[in-house]
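Peer 1: Pasting a predicted model and its sequence here:
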Amino acid sequence: MNYLRVLPFLVVLAVILFSGLRPEPVPQVFDQQDKLHHMLGFAALIFTLRLAFPQWRVFWCIALSLGAATLIELGQSLLPNRQASMGDMVANAAGVLLGWGCSHLAYIWYLRRIGVTTAPETTESGERLGSSARP
């Protein structure tokens, strides 16, 4: 296993755990800024998770990320100055989907970059058969 791929995942996970479970919420500059933090944080989490463990199935990466989001929200409900909210959980889920989509696009870009095509190619013989079958 390449440990340099795991390091960004561990850093993102530590930042999410620290900011999500600290006693005081992060100060907000604009209204609903915390939803943006939730979405971007969990997008980064699953993106780096897919980078760190590319052999894992997508289902398990999404399940692990949503499970972490749920546990953090439950942990916030136990802290005196914090509260869990359904809006935060929706932002977490949207971030997981955004991060998965970005990781999938990055994977397709990587395959094309190294010369592996993802779309089936048409062969010349198939084109000739189609043209000769016309009346």
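Peer 2: It's in. Numbers count the residues shown, from 1 in each chain.
Peer 1: How about the contacts made by the nearest residue to E24 once chain neighbours are set aside?
Peer 2: Counting by CB to CB, 6 or more residues apart in numbering, E24 lies nearest to N81, which is 5.7 Å off, once chain neighbours are set aside. No exception for glycine: its C-beta is placed from N, CA and C like everyone else's. For N81, the contacting residues are P23, E24, P25, by CB atoms under 8 Å, 6 or more residues apart in numbering.
Peer 1: got it, and G75?
Peer 2: Per CB under 8 Å, 6+ apart, neighbours of G75: G20, L21.
Peer 1: Which helix or which strand is home to it?
Peer 2: helix 58-78 (DSSP states H and E).
Peer 1: Name the next helix or strand following that helix along the chain.
Peer 2: Taking DSSP H and E, what comes next after helix 58-78 is helix 86-113.
Peer 1: And that next one, what does it pack against?
Peer 2: helix 33-52, helix 58-78 (3 or more CB pairs under 8 Å, 6 or more residues apart in numbering; DSSP states H and E).
Peer 1: Which one of those helices lies nearest to S85?
Peer 2: Proximity to S85 (CB to CB) singles out helix 58-78 among the helices and strands packed on helix 86-113, at 7.6 Å.
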